[in-house]
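**Q** Okay, sequence plus prediction incoming.
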Amino acid sequence: MPNNSGPFNHAIGSKTSQHAEGSPRTIVQERWRGSSTHFVMRTVQVLLLWVVPAAGYAFPSSTVRQSSFRVPVSLRNGFGRMVKQDLVLTVVRDRQGDRRRPFLVLLHGRPASVDARIRLGQVTSPGNASFFAGLGFVVLIPTRVGYGVTGGPDLEYTGTCFDKDFSQGMTAVVEETRQVLEFASHLPDIDRHRGLVVGDSFGGVAAVAIASARIPGVVAAINISGGDGGDSVRHVDHPCRPDQMSATFAAYGRSNRLPTLWMYSVNDRLWGPLYPKIWFRDFTDSGGRGQFVTLPADKNNGHFIFNRNPGAWHPAFDQFIQSLGFDRAARRPPKAANTHGLSSGIEGNREKSKHAHTDVIVSPAAASDQPDVVEHDASTREEATDTSARRLFSKYANLWVQSTKIKGIRNGIQTR
């Protein structure tokens, strides 16, 4: 039986419905139980999360629907021990149409601290997920083992700054993705034979690793701000062991047969402007197929551009998927709400990005023929926004509860 003893599993407040073997198991919400004080605090938090756009939880389009599933996965840790765990999977799709649609696996990054990884909650990426769903993809967002509501051991640890083994951390992600896609193949509206993997930060490296693993149905991968070992506070622009990262990408290049898109902001303060291009060169020199796009600078740190300024990477993404032959949805993607603190929605950012300087590098392998159809340490901006919002909401909820208690005491009634 899967081990559901992760440190954050209690936070879901749900149970698993009983279905036939091999069929998807939906998370069914239970009635919340607790004291009146905690109920009030929780209610205030939930209401504010939906009302305040900065929290980034409300999906911007009413035509998008979200489902949650528990996916049993079996993985090995760094010592070879088998770990069985239920992974929480968020599925986002367009309500319109009932045809089978290609999938898009969206891989989150890796917050630097243990506490931040636990606080990640259930990863939903509302703005970006709505955009992808609007293009006709069924978006699969796993909250991976060791994070948030999934809980469990940290299988993605890659070592200390001076003793890194990046490929070790990628092994679990690759196998998780393989098992998530096997699970998703039972969903009625997914074309299991054709889809993409998109990864941000640590997830970007994982996307490249997956493109080299020959997982059935995956036809391309997008790496956005991918890397590991960065610290924008203590060693700006200089990640730990960039030489090891070069060797890791070179190894993926030797086994890669799928087209990949690499996108990095020019002011990514975790990797700097030079290392990502070196990693890409080592990947393609080893035989990997890829296209490199330098995105414009974004505020004080372009590492968070995927969530903070999606309009900057939309044009390159659109061009890439069109070159792969993916059919766009009949309608244009909906304008996203201001879920990431942007001054305008998706379309406004798209117009702005037309005038931004973009540097594109295409490897010879990627430009020579059509894509093959093969059967086979930094916290994200979204996580930071979530944490700040929760702290703010908790503060005012506590003040409201304390005020209620004082009034009750004055009236001779102790609030409990």
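**A** That came through fine.

**Q** going forward, measure contacts between C-alpha atoms and count neighbours the same way
**A** Will do.

**Q** Quick check: beta-bridge partners of Pro259?
**A** Note on Pro259: beta-bridge partners by DSSP bridges are Arg289.

**Q** again, but for the one 4 residues further on
**A** Under DSSP bridges, the beta-bridge partners of Met263 are Ile224, Val293.

**Q** Wait, Ser185 touches Arg192, no?
**A** Yes. Between Ser185 and Arg192 there is a contact under C-alpha atoms under 8 Å: 5.4 Å.

**Q** Could you pull out the helices in this protein for me?
**A** Under the criterion DSSP state H, helices of the chain are mapped to 36-51, 114-118, 126-134, 166-184, 202-211, 242-255, 275-285, 305-308, 314-323, 346-353, 364-368, 381-410.

**Q** so for stretch 169-184, what's the average pLDDT?
**A** Averaged over stretch 169-184, pLDDT sits at 96.

**Q** Mind listing what's buried along that stretch?
**A** For stretch 169-184, burial by neighbour count (16 or more other C-alpha atoms under 10 Å) applies to 169-184.

**Q** Which member of those residues is positioned nearest Gly229?
**A** Comparing these against Gly229 with C-alpha to C-alpha places Gly169 closest, at 11.6 Å.

**Q** Check the gap between that closest one and Phe292 for me.
**A** 24 Å (C-alpha to C-alpha, to the nearest Å).

**Q** what residue ranges in the chain score low on pLDDT?
**A** 1-62, 97-98, 328-416 (pLDDT under 70).

**Q** Let's see that with 80 instead.
**A** 1-62, 77-79, 96-98, 327-416 (pLDDT under 80).

**Q** Which residues lie in contact with the nearest residue to Leu181 once chain neighbours are set aside in this structure?
**A** Excluding the flanking residues, the one nearest Leu181 by C-alpha to C-alpha, 6 or more residues apart in numbering is Arg192, at 7.5 Å. Arg192 makes contact with 102-103, 181, 184-185, 217, according to C-alpha atoms under 8 Å, 6 or more residues apart in numbering.

**Q** burial measure for Asp231, as a count.
**A** For Asp231, the neighbour count with other C-alpha atoms under 10 Å is 18.

**Q** residues touching the closest residue to it other than its chain neighbours, list them.
**A** Excluding the flanking residues, the one nearest Asp231 by C-alpha to C-alpha, 6+ apart is Leu270, at 5.6 Å. Applying C-alpha under 8 Å, 6+ apart, we find Leu270 in contact with 230-232, 235-239, 303, 378.

**Q** at 7 Å what do you get?
**A** 230-232, 236-239, 303 (C-alpha atoms under 7 Å, 6 or more residues apart in numbering).

**Q** Just among those residues, which is most surrounded?
**A** His303 (30 neighbours).

**Q** Please look at that one and Ile224 and confirm they touch.
**A** No. Using C-alpha atoms under 7 Å, His303 is not in contact with Ile224; the gap is 8.7 Å.

**Q** which residues are common contacts for those two?
**A** When C-alpha under 7 Å, 6+ apart defines a contact, no residue borders His303 and Ile224 alike.

**Q** Leu265 and Lys299 touch, don't they?
**A** Rather than Leu, residue 265 is Ser. No. Between Ser265 and Lys299 there is no contact under C-alpha under 7 Å: 10.4 Å.

**Q** So between those two, which is more surrounded?
**A** Shown here are Ser265 and Lys299; by other C-alpha under 10 Å, Ser265 has more neighbours (27 against 13).

**Q** Excluding covalently adjacent residues, which one is nearest to that one?
**A** Per C-alpha to C-alpha, 6+ apart, closest to Ser265 is Leu295, 4.3 Å.

**Q** List the contacts of that neighbour.
**A** Going by C-alpha under 7 Å, 6+ apart, the list of residues near Leu295 reads 263-266, 312-313, 358.

**Q** can you tell me how far it sits from Asp268?
**A** Counting by C-alpha to C-alpha - Leu295 and Asp268 are separated by 10 Å.

**Q** wait, what's in contact with the nearest residue to Val205 once chain neighbours are set aside?
**A** Nearest in space to Val205, with sequence neighbours left out and distances taken as C-alpha to C-alpha, 6+ apart, is Gly226 at 5.0 Å. Applying C-alpha under 7 Å, 6+ apart to Gly226 gives the contacts 200-205.

**Q** now Ala211
**A** 220-221, 256, 258.

**Q** same thing but 8 Å
**A** So Ala211 contacts 218-221, 256-258, 260 (C-alpha under 8 Å, 6+ apart).

**Q** Restricted to strands, list these.
**A** 218-221, 260 (DSSP state E).

**Q** could those residues be laid out in CSV, adding neighbour count and distance to Ser68?
**A** Shown next, in CSV, are those (neighbours: other C-alpha atoms under 10 Å; distance: C-alpha to C-alpha, whole Å):
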residue, neighbour count, distance to Ser68
Val218, 27, 22
Val219, 24, 25
Ala220, 30, 25
Ala221, 27, 24
Thr260, 26, 28
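
**Q** out of those residues, who's nearest Glu156?
**A** Ala221 (19.7 Å).

**Q** in the stretch 51-200 of the chain, which spans are strands?
**A** 64-76, 82-94, 101-107, 138-143, 159-160, 163-164, 190-200 (DSSP state E, counting those that start in this stretch).

**Q** Tell me the buried residues in the first one?
**A** For strand 64-76, a neighbour-count test (16+ other C-alpha under 10 Å) marks 64, 66, 68-75 as buried.

**Q** I'd like to know which elements it is packed against.
**A** Helices and strands touching strand 64-76, by 3 or more C-alpha pairs under 8 Å, 6 or more residues apart in numbering; DSSP states H and E, are strand 27-29, strand 82-94, helix 126-134, helix 166-184.

**Q** That'll do, ta.
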